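**Q** Here is a sequence together with a model predicted from it:
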Amino acid sequence: MSHTGSGVVERASKELSRRFSSLAARTRRGSTHKHERLVEIPESDREGRADADLLNGNGDWAEESRPASKPTQTMGITRGTVMDKVTNIFSNCDTTIMGNTGTKEKDINGINIPKGAVANGRAKFESQRISPEKPIRFFSRSRPGTPLLPVKAPKVPAPPDPSTPGPAKKKSNSSCSTDHNTSPEETPSVGSTRSLGRLKRWVEWSEMWQDSRLLTIFFNQFTVQERTVLAQVCKKWREVLYQPPFWKEFRPVLHCRELRLWNVSEEWMENKRSFYLSIKLRGYENVCLLHANDSDVFDFIQHYPYGAKNIHTLCLRCCNLTDRGLEALLEFLQGLYSLEINGCNEITEQGLWSSLQPRLVSLTVTDCINVADECICAITQLLPALYEFNLQAYHVTDSALSYFSPKQTGTMNVMRLQSCWEITNHGLVNIVHSLPNLTVLSLSGCSKITDDGIELIAENLRKLVSLDLSWCPRVTDAALEYIACDLTHLEELTLDRCVHVSDIGVGYVSTMLALHSLFLRWCTQIRDFGLQHVCGMRNIHVLSVAGCSQLTSSGLSNLLQLRQLQELELTNCPGSSQELVTYLRENLPNCLIVD
């Protein structure tokens, strides 16, 4: 018996339609019984088990008990893929279907499968004793060890209501209904009700400008000066603006001379309290006191107790503060870890000894005429956790640097010595032996430093990532050779006003692969040849050649090779013209060019 491809599909289609119709009829008759009950068949009852297997579609057991009988077709749903179901229709045929030939063996539903597959699979499944599960619709089984293969149940159309003649009514899609006798099918679902609840209503402009989320996004587009004006529009705007995220990057400056004038009347005293309250609401952690004296310090302590635990950085600028006022202020600020003293000429060595707290990790002392070597001694002895130290003092000598001890060896990473005219190469010896872990070093304005001192730094401070040698007129190309050879991790180099640096030194610097910032301001001996070496530095991001008088337009135009450049400074450069700047901006769109 042979079957053509079209005949196979036609017969399969008819047989599937007949089975689905029979299934629908059985569903209507047995609607009260949604699941068939599993029946345990005794091992001794061989005939009964064979019948149950035939009822459940497990045909091979029936084959064992009745070897001479013809395989009986069942009306149950066949487990397996769709192609298995279609092939099962013609499982009684001896001929090959779809061109499959070879030695076959009957499966449980009559499907041709390779010999030995049934036995192997059955042995595997029978070895795993699966506990009884909740019956699944359209499936029944006679053995607890027989697994159920997941088959998607066919969708059976619901029978029409016999009490209502005519075609079935469609479900209503309307969310609102005037019929009070709505059937369950026409009742809006919970999901649709929730989606309707999520619909947003129209908001008036007056309400929109009072919405906190909208105002937060809106205020982020303004500068700090503009925010101070916007905070005066209304109470709602001030409430939104007076939040720490809007002000955390800024430092308020308290003009103490003006605050003194607010003590004349009770009304002005109330304004002062409101002023300190606004500072508290904005959550400032960094405060600057300008032109303060001892009385201003005590007034600040009285009106701003919130700062005792919440101010972490304090700047004293141009203050007539004495040692007594400094001691009271630092004792009050228990959360302070960074202190900056700038232009406070009344503070002496004794004031530092009595006021400095061990919790300080950053200290900056600039332009204080009373700061000398003994002040450096107090700093090194009282601040064992010091991480950053910035000093600008005209009277500090090499002996001051000898006070640094192993206390700061593991903690200090940043040291900036600016305009320390008296420091020489001998002072650098103390630095490199006491502070070998420095990563940032500035010797700006230390005019007595020579190439020998730079060689000492390059050989011993191998962890440096930033070095500033600006205004060191005794530094020459030889110092740059030491730097290029030993400081392989250096990322930033400043050589401003190093008048003896020439194209040869720039050539040494161009071999530093980690360098990404180079400042050559007012290095008057650099020519186009040296700039050509810079054009070969593919990792350079920031470059300054301001004031380099011997650079020409032709040499500057070669900077187009630095496609990764992000900032270029050409101020006071005679070779720079407006046409050249325009040309560079067009070809380096990602670079900020300062001319």
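**A** Received it, and whenever you're ready, just let me know what you need. Residues are numbered from 1 along each chain as shown.
**Q** Tell me if residue 539 really is in a helix.
**A** No - going by DSSP: H, G, I helix; E, B strand; the rest coil, the assignment for residue 539 is coil, not a helix.
**Q** number of nearby residues for it?
**A** When counting by other CB atoms under 10 Å, one arrives at 12 neighbours for residue 539. Bear in mind the C-beta positions are built from the backbone N, C-alpha and C, glycine included.
**Q** Touching, it and residue 514? I think so.
**A** Yes - the pair residue 539 / residue 514 is scored as a contact, 7.2 Å apart, by CB atoms under 8 Å.
**Q** Now do the contacts for the nearest residue to residue 220 once chain neighbours are set aside.
**A** Distances taken as CB to CB, 6 or more residues apart in numbering put residue 246 closest to residue 220, at 7.8 Å, once the chain neighbours are dropped. Contacts for residue 246 were tallied using CB atoms under 8 Å, 6 or more residues apart in numbering; they are 219, 220, 227, 282.
**Q** Ok, residue 388 next?
**A** Contacts for residue 388 (CB under 8 Å, 6+ apart) come out as 361, 362, 363, 364, 412, 413, 414, 415.
**Q** Need the pLDDT of it.
**A** Turning to residue 388, the model gives it a pLDDT of 97.
**Q** That one pairs with what?
**A** Beta-bridge pairing for residue 388 (DSSP bridges): residue 362, residue 414.
**Q** got it, and residue 493?
**A** Assigned bridge partners for residue 493, using DSSP bridges, are residue 467, residue 518.
**Q** that older thread, using CSV, lay out the contacts of residue 246 together with pLDDT, distance to residue 322 and secondary structure.
**A** Listed next are the contacts of residue 246 as CSV, based on pLDDT from 0 to 100; distance: CB to CB, whole Å; DSSP: H, G, I helix; E, B strand; the rest coil:
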residue, pLDDT, distance to residue 322, secondary structure
219, 88, 42, helix
220, 88, 43, coil
227, 86, 36, helix
282, 88, 30, coil
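**Q** Give me the buried entries from the residues you listed.
**A** Among those, those scoring as buried are 219, 227, 282 (criterion: 16 or more other CB atoms under 10 Å).
**Q** thinking the first one is in contact with residue 238, fair?
**A** No - with contact taken as CB under 8 Å, residue 219 and residue 238 are classed as non-touching, separated by 10.9 Å.
**Q** The residue nearest to residue 294 when sequence neighbours are not counted: what's it in contact with?
**A** Residue nearest to residue 294 in three dimensions, not counting chain neighbours: residue 325, with 3.7 Å by CB to CB, 6+ apart. Applying CB under 8 Å, 6+ apart to residue 325 gives the contacts 292, 293, 294, 297, 298.
**Q** Helix, strand, or coil at the fourth one?
**A** What it means is residue 297. Following three-state DSSP, the label given to residue 297 is helix.
**Q** State the mean pLDDT of stretch 563-573.
**A** 95.
**Q** start to end distance for that stretch?
**A** End-to-end distance for stretch 563-573: 21 Å, by CA to CA, to the nearest Å.
**Q** mind listing what's buried in that stretch?
**A** Using 16+ other CB under 10 Å as the test for burial, stretch 563-573 gives 565, 568, 569, 570, 573.
**Q** Which residue ranges of the stretch 451-595 of the chain form strands?
**A** Applying DSSP state E, counting those that start in this stretch to the stretch 451-595 of the chain gives strands spanning 466-468, 492-494, 517-519, 542-544, 567-569, 592-594.
**Q** Dump those strands into CSV; add distance to residue 338 as well.
**A** As requested, the strands of the stretch 451-595 of the chain are arranged in CSV below (distance: least, CB to CB, whole Å):
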stretch, distance to residue 338
strand 466-468, 19
strand 492-494, 22
strand 517-519, 25
strand 542-544, 26
strand 567-569, 28
strand 592-594, 30
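**Q** Among the ones you listed, which comes closest to residue 304?
**A** Proximity to residue 304 (CB to CB) singles out strand 466-468 among those, at 36.1 Å.
**Q** what sits up against that closest one?
**A** 416, 439-444, 457, 483, 487, 490-494.
**Q** residue ranges with poor pLDDT in this protein?
**A** In the predicted model of the chain, residues 1-9, 12-13, 16, 19-20, 22-201 satisfy pLDDT under 70.
**Q** For stretch 410-426, buried residues please.
**A** 412-420, 422-425.
**Q** Restricted to strands, list the residues you listed.
**A** Judged by DSSP state E, strands contain the following of the buried residues of stretch 410-426: 414, 415, 416, 417, 418.
**Q** who's in contact with the last one?
**A** This points to residue 418. Residue 418 sits in contact with 366, 390, 391, 392, 442, 444, 445, where contact means CB under 8 Å, 6+ apart.
**Q** what's the answer for the fourth one, then?
**A** The contact partners of residue 417, taken as CB under 8 Å, 6+ apart, are 391, 392, 396, 423, 442, 443, 444, 446.
**Q** redo that, cut-off 7 Å
**A** By CB atoms under 7 Å, 6 or more residues apart in numbering, the residues touching residue 417 are 391, 423, 442, 443, 446.
**Q** what sits against the last one?
**A** This means residue 446. Taking CB under 7 Å, 6+ apart, one finds 417, 420, 423, 472 in contact with residue 446.
**Q** on that earlier part again, out of the strands of the stretch 451-595 of the chain, flag the one nearest residue 231.
**A** Checking the strands of the stretch 451-595 of the chain against residue 231 by CB to CB gives strand 592-594 as the closest, at 31.7 Å.
**Q** Would you give the sheet partners of the closest one, along with the direction of each?
**A** Here, using DSSP bridges, strand 592-594 pairs with strand 567-569 (parallel).
**Q** contact partners of the strand it pairs with?
**A** Contact partners of strand 567-569, identified using CB under 7 Å, 6+ apart, comprise 542, 543, 544, 546, 559, 591, 592, 593, 594.
**Q** what's the neighbour count on residue 264?
**A** Residues near residue 264, counting by other CB under 10 Å, number 9.
**Q** about what we covered before: can you tell me which of the buried residues of stretch 410-426 is closest to residue 204?
**A** So of the buried residues of stretch 410-426, ranked by how close each gets to residue 204 (CB to CB), first place is residue 414, at 54.8 Å.
**Q** doesn't residue 437 make contact with the closest one?
**A** No - here residue 414 does not reach residue 437: they are 10.5 Å apart, not a contact under CB atoms under 7 Å.
**Q** The residue nearest to residue 376 when sequence neighbours are not counted is in what secondary structure piece?
**A** Once flanking residues are discounted, residue 376 sits nearest to residue 400: 4.0 Å by CB to CB, 6+ apart. Following DSSP states H and E, one finds residue 400 within helix 398-401.
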